[in-house]
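Visitor: my questions concern the predicted model and sequence given below.
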Amino acid sequence: MSETQEYVPSVIKAEEMDPKFKYKMSKHGAERIMLCFQCGTCTADCPIARFSDFYRPRKIARMVQLGLKDRLFSDEALWLCSSCFTCVDHCPQEVEIAGIVRVLRNLSVKEKGTMPLVYRELACNLLKGGYVYEIMESRHKKRVELGLPPLPKPNLEEIAKIFKITGSLDMLENVKTFEKVKS
Ligand code: SF4
Ligand code: SF4
(Lines give C-alpha, C1' and ligand atoms only; values in the text may rest on other atoms or scores of the structure.)
(Ligands and ions follow the chains in the order given, each with its own letter.)
Protein backbone atom coordinates (compact mmCIF):
# COMPACT_ATOMS: atom_id res chain seq x y z
CA MET A 1 0.00 0.00 0.00
CA SER A 2 1.40 3.42 -0.91
CA GLU A 3 2.23 5.86 1.89
CA THR A 4 -0.53 8.25 0.84
CA GLN A 5 -3.22 5.56 0.85
CA GLU A 6 -5.21 5.24 4.03
CA TYR A 7 -6.19 1.82 5.33
CA VAL A 8 -9.94 1.76 5.85
CA PRO A 9 -11.03 -1.21 8.00
CA SER A 10 -14.21 -2.85 6.84
CA VAL A 11 -16.49 -4.27 9.51
CA ILE A 12 -17.76 -7.77 8.75
CA LYS A 13 -21.44 -8.23 9.49
CA ALA A 14 -22.69 -11.61 10.71
CA GLU A 15 -25.22 -11.86 7.87
CA GLU A 16 -22.39 -11.66 5.33
CA MET A 17 -20.94 -14.96 6.53
CA ASP A 18 -22.15 -18.16 4.91
CA PRO A 19 -21.09 -21.05 7.18
CA LYS A 20 -21.77 -23.58 4.38
CA PHE A 21 -19.50 -21.88 1.86
CA LYS A 22 -16.33 -23.70 2.94
CA TYR A 23 -18.10 -27.04 2.42
CA LYS A 24 -19.21 -25.95 -1.04
CA MET A 25 -15.61 -25.00 -1.80
CA SER A 26 -14.40 -28.37 -0.45
CA LYS A 27 -16.61 -30.16 -2.95
CA HIS A 28 -14.87 -28.25 -5.74
CA GLY A 29 -11.34 -29.20 -4.68
CA ALA A 30 -10.59 -26.91 -1.72
CA GLU A 31 -10.62 -29.72 0.86
CA ARG A 32 -7.69 -28.36 2.88
CA ILE A 33 -8.94 -24.80 3.33
CA MET A 34 -9.83 -25.34 7.02
CA LEU A 35 -6.22 -26.32 7.74
CA CYS A 36 -4.97 -22.80 6.96
CA PHE A 37 -3.66 -21.31 10.21
CA GLN A 38 -2.94 -17.88 8.73
CA CYS A 39 0.85 -18.06 8.88
CA GLY A 40 1.12 -15.69 5.88
CA THR A 41 3.80 -17.65 4.01
CA CYS A 42 1.69 -17.64 0.84
CA THR A 43 1.38 -13.84 0.87
CA ALA A 44 5.04 -13.32 1.75
CA ASP A 45 6.17 -15.43 -1.21
CA CYS A 46 3.47 -14.47 -3.74
CA PRO A 47 5.00 -12.51 -6.66
CA ILE A 48 1.69 -10.73 -7.30
CA ALA A 49 1.20 -9.63 -3.66
CA ARG A 50 4.66 -8.05 -3.85
CA PHE A 51 3.42 -5.57 -6.46
CA SER A 52 -0.25 -5.27 -5.54
CA ASP A 53 -1.88 -3.15 -2.86
CA PHE A 54 -4.90 -5.47 -2.78
CA TYR A 55 -4.03 -9.06 -3.63
CA ARG A 56 -3.30 -11.21 -0.56
CA PRO A 57 -3.70 -15.03 -0.78
CA ARG A 58 -3.75 -15.37 3.01
CA LYS A 59 -6.72 -12.98 3.13
CA ILE A 60 -8.50 -15.03 0.47
CA ALA A 61 -7.99 -18.20 2.57
CA ARG A 62 -9.47 -16.47 5.64
CA MET A 63 -12.41 -15.06 3.69
CA VAL A 64 -13.23 -18.56 2.40
CA GLN A 65 -13.08 -19.93 5.96
CA LEU A 66 -15.46 -17.18 7.10
CA GLY A 67 -17.80 -17.73 4.15
CA LEU A 68 -17.55 -14.17 2.81
CA LYS A 69 -18.53 -15.26 -0.67
CA ASP A 70 -20.13 -12.04 -1.88
CA ARG A 71 -17.03 -10.08 -0.97
CA LEU A 72 -14.84 -12.67 -2.68
CA PHE A 73 -16.92 -12.73 -5.86
CA SER A 74 -17.00 -8.95 -6.13
CA ASP A 75 -13.25 -8.62 -5.59
CA GLU A 76 -11.62 -8.10 -8.99
CA ALA A 77 -8.20 -8.69 -7.41
CA LEU A 78 -9.09 -12.39 -7.57
CA TRP A 79 -8.12 -12.22 -11.25
CA LEU A 80 -4.58 -11.06 -10.51
CA CYS A 81 -3.27 -14.51 -9.48
CA SER A 82 -0.84 -15.77 -12.13
CA SER A 83 -1.20 -19.45 -11.13
CA CYS A 84 2.53 -19.74 -10.51
CA PHE A 85 1.89 -22.21 -7.63
CA THR A 86 4.60 -20.71 -5.37
CA CYS A 87 2.03 -20.52 -2.55
CA VAL A 88 1.17 -24.20 -3.00
CA ASP A 89 4.82 -25.22 -2.90
CA HIS A 90 5.52 -23.19 0.26
CA CYS A 91 2.36 -23.66 2.35
CA PRO A 92 3.21 -25.66 5.50
CA GLN A 93 -0.38 -26.94 5.63
CA GLU A 94 -0.51 -27.99 1.98
CA VAL A 95 -3.45 -25.70 1.30
CA GLU A 96 -3.91 -25.48 -2.47
CA ILE A 97 -4.40 -21.73 -2.60
CA ALA A 98 -3.87 -21.49 -6.37
CA GLY A 99 -6.61 -24.11 -6.86
CA ILE A 100 -8.88 -22.28 -4.44
CA VAL A 101 -8.47 -19.09 -6.46
CA ARG A 102 -9.35 -21.05 -9.62
CA VAL A 103 -12.53 -22.41 -7.97
CA LEU A 104 -13.47 -18.91 -6.76
CA ARG A 105 -13.06 -17.52 -10.28
CA ASN A 106 -15.25 -20.26 -11.73
CA LEU A 107 -17.96 -19.72 -9.12
CA SER A 108 -17.70 -15.97 -9.55
CA VAL A 109 -18.28 -16.25 -13.32
CA LYS A 110 -21.19 -18.61 -12.69
CA GLU A 111 -22.84 -16.39 -10.07
CA LYS A 112 -21.99 -12.92 -11.37
CA GLY A 113 -21.56 -13.60 -15.08
CA THR A 114 -18.51 -11.33 -15.37
CA MET A 115 -14.81 -11.82 -16.10
CA PRO A 116 -11.89 -9.65 -17.26
CA LEU A 117 -11.84 -9.08 -21.03
CA VAL A 118 -8.36 -10.56 -21.36
CA TYR A 119 -9.51 -13.96 -20.00
CA ARG A 120 -12.37 -14.07 -22.48
CA GLU A 121 -9.95 -13.27 -25.29
CA LEU A 122 -7.59 -16.06 -24.21
CA ALA A 123 -10.46 -18.55 -24.15
CA CYS A 124 -11.63 -17.40 -27.61
CA ASN A 125 -8.08 -17.83 -28.97
CA LEU A 126 -8.02 -21.37 -27.60
CA LEU A 127 -11.34 -22.16 -29.24
CA LYS A 128 -10.32 -20.66 -32.59
CA GLY A 129 -6.72 -21.77 -32.92
CA GLY A 130 -5.99 -24.33 -30.20
CA TYR A 131 -3.57 -22.05 -28.35
CA VAL A 132 -4.34 -19.33 -25.81
CA TYR A 133 -2.07 -16.98 -27.75
CA GLU A 134 -2.23 -16.50 -31.49
CA ILE A 135 0.97 -17.96 -32.95
CA MET A 136 2.23 -15.62 -35.66
CA GLU A 137 3.53 -17.07 -38.95
CA SER A 138 6.92 -15.46 -38.21
CA ARG A 139 7.16 -17.64 -35.06
CA HIS A 140 6.63 -20.80 -37.09
CA LYS A 141 9.32 -19.67 -39.56
CA LYS A 142 11.72 -18.89 -36.71
CA ARG A 143 11.26 -22.40 -35.34
CA VAL A 144 12.20 -23.84 -38.73
CA GLU A 145 15.28 -21.57 -38.89
CA LEU A 146 16.34 -22.71 -35.41
CA GLY A 147 15.84 -26.36 -36.29
CA LEU A 148 12.98 -26.77 -33.81
CA PRO A 149 10.16 -29.24 -34.52
CA PRO A 150 6.81 -27.77 -35.63
CA LEU A 151 4.27 -27.08 -32.90
CA PRO A 152 1.70 -29.86 -32.40
CA LYS A 153 -1.41 -29.38 -34.52
CA PRO A 154 -4.35 -28.81 -32.17
CA ASN A 155 -7.51 -30.85 -32.63
CA LEU A 156 -10.03 -28.01 -32.94
CA GLU A 157 -13.00 -30.37 -33.12
CA GLU A 158 -12.09 -31.92 -29.78
CA ILE A 159 -11.53 -28.49 -28.23
CA ALA A 160 -14.93 -27.29 -29.48
CA LYS A 161 -16.52 -30.43 -28.03
CA ILE A 162 -14.92 -29.79 -24.63
CA PHE A 163 -16.10 -26.16 -24.67
CA LYS A 164 -19.64 -27.36 -25.44
CA ILE A 165 -19.77 -30.18 -22.88
CA THR A 166 -18.36 -28.02 -20.07
CA GLY A 167 -20.73 -25.13 -20.79
CA SER A 168 -17.78 -22.85 -21.64
CA LEU A 169 -19.26 -22.03 -25.04
CA ASP A 170 -22.48 -20.68 -23.50
CA MET A 171 -20.45 -18.88 -20.87
CA LEU A 172 -18.29 -17.13 -23.51
CA GLU A 173 -21.39 -16.01 -25.40
CA ASN A 174 -23.14 -14.59 -22.34
CA VAL A 175 -20.41 -13.38 -20.00
CA LYS A 176 -19.95 -9.64 -19.46
CA THR A 177 -16.38 -8.41 -19.42
CA PHE A 178 -14.53 -5.65 -17.62
CA GLU A 179 -11.24 -4.22 -18.82
CA LYS A 180 -9.12 -3.24 -15.86
CA VAL A 181 -8.34 -5.07 -12.63
CA LYS A 182 -7.17 -2.84 -9.79
CA SER A 183 -3.69 -3.80 -8.65
S1 SF4 B 1 0.78 -20.49 3.65
FE2 SF4 B 1 -0.92 -21.96 3.89
S3 SF4 B 1 -1.37 -22.00 6.08
FE4 SF4 B 1 -0.09 -20.20 5.71
S5 SF4 B 1 -1.62 -18.53 5.40
FE6 SF4 B 1 -1.12 -19.35 3.38
S7 SF4 B 1 -2.69 -20.92 2.98
FE8 SF4 B 1 -2.71 -20.49 5.18
S1 SF4 C 1 -0.42 -19.07 -7.49
FE2 SF4 C 1 -1.38 -17.03 -7.31
S3 SF4 C 1 -1.61 -16.74 -5.11
FE4 SF4 C 1 -0.14 -18.39 -5.39
S5 SF4 C 1 1.87 -17.42 -5.31
FE6 SF4 C 1 1.28 -17.57 -7.48
S7 SF4 C 1 0.25 -15.62 -7.93
FE8 SF4 C 1 0.35 -15.80 -5.68
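Guide: Received it, and whenever you're ready, just let me know what you need. Numbering: from 1, shown residues only. Ligands and ions are numbered 1, 2, ... in the order given.

Visitor: V95: neighbour count?
Guide: Taking other CB atoms under 10 Å as the criterion, the count of residues near V95 is 25. Quick note: C-beta positions are derived from backbone N, CA and C, even for glycine.

Visitor: actually C42, not the one I wrote
Guide: For C42, the number of neighbouring residues by other CB under 10 Å comes to 27.

Visitor: so it is in which element?
Guide: Secondary structure from DSSP states H and E places C42 in helix 41-45.

Visitor: spit out the contact partners of the residue nearest to T43 when sequence neighbours are not counted.
Guide: Nearest non-adjacent residue to T43, counting by CB to CB, 6 or more residues apart in numbering: R58, 4.4 Å away. Applying CB atoms under 8 Å, 6 or more residues apart in numbering, one finds that R58 lies in contact with C36, Q38, C39, G40, C42, T43.

Visitor: quick one, what contacts the residue nearest to C36 when sequence neighbours are not counted?
Guide: The shortest distance from C36 to any residue that is not its chain neighbour, by CB to CB, 6+ apart, is 4.3 Å, and that residue is A61. The contact partners of A61, taken as CB under 8 Å, 6+ apart, are I33, C36, Q38, C42, V95, I97, I100.
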